[in-house]
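Novice: sequence and predicted model, in that order:
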Amino acid sequence: MDNAVTSANHKGYRLIASTDPAHAGLHAANLTIERPGRAPHRFPALDYFYDAQQAVSYATQWGRIWVDSHG
């Protein structure tokens, strides 16, 4: 799997986690956090993983923590 994308809802926010191929076979964990009526927050390359599914899982969990502390 080269790229993966998943979305989840958390406390009124939409979390869109995705991956991009990076160096040495790694996948960058990217995240966009959306809330109606507000500009989206984009977090590219939060961390890097060898497995794309681990990358989107990490980004989604990171987004939940961000919403809990900023929402």
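Specialist: Looks like it arrived, so ask away.
Novice: and the strands in the chain?
Specialist: Using DSSP state E, the strands of the chain run over 5-10, 13-21, 27-34, 41-43, 48-49.
Novice: so what does the second one touch, helix or strand wise?
Specialist: With contacts defined as 3 or more Cβ pairs under 8 Å, 6 or more residues apart in numbering; DSSP states H and E, strand 13-21 has these neighbours: strand 5-10, strand 27-34, helix 52-70. Using the backbone N, CA and C atoms, a C-beta is placed for each residue, glycine as well.
Novice: just the shortest one next, same as before
Specialist: Strand 48-49 is packed against strand 27-34, helix 52-70, with contacts defined by 3+ Cβ pairs under 8 Å, 6+ apart.
Novice: quick revisit: closest to Leu46 out of the helices and strands packed on strand 13-21?
Specialist: Comparing the helices and strands packed on strand 13-21 against Leu46 with Cβ to Cβ, the closest turns out to be strand 27-34 (4.7 Å).
Novice: how far off strand 5-10 does that closest one point, in degrees?
Specialist: 40 degrees (axes from the mean of the first three to the mean of the last three Cα atoms, to 10 degrees).
Novice: what angle sits between strand 27-34 and strand 13-21?
Specialist: Using the same axes, to 10 degrees: strand 27-34 against strand 13-21 is 160 degrees.
Novice: low-confidence ranges in the protein?
Specialist: In the predicted model of the chain, residues 1-2 satisfy pLDDT under 70.
Novice: from Leu31, how far out is Leu15?
Specialist: 7 Å (Cβ to Cβ, to the nearest Å).
Novice: just Arg14 next, same as before
Specialist: 11 Å.
Novice: got it, and Asn9?
Specialist: Counting by Cβ to Cβ - Asn9 and Leu31 are separated by 14 Å.
Novice: okay but Ala29 is in contact with Ala52, surely?
Specialist: No: counting by Cβ atoms under 8 Å, Ala29 stays clear of Ala52, with 9.0 Å between them.
Novice: who's more crowded, the two?
Specialist: Ala29 (28 against 21; other Cβ atoms under 10 Å).
Novice: show me what the more buried one is bridged to.
Specialist: Thr19 (DSSP bridges).
Novice: repeat that for His10.
Specialist: Applying DSSP bridges, one finds that His10 bridges with Tyr13.
Novice: noted, bye for now.
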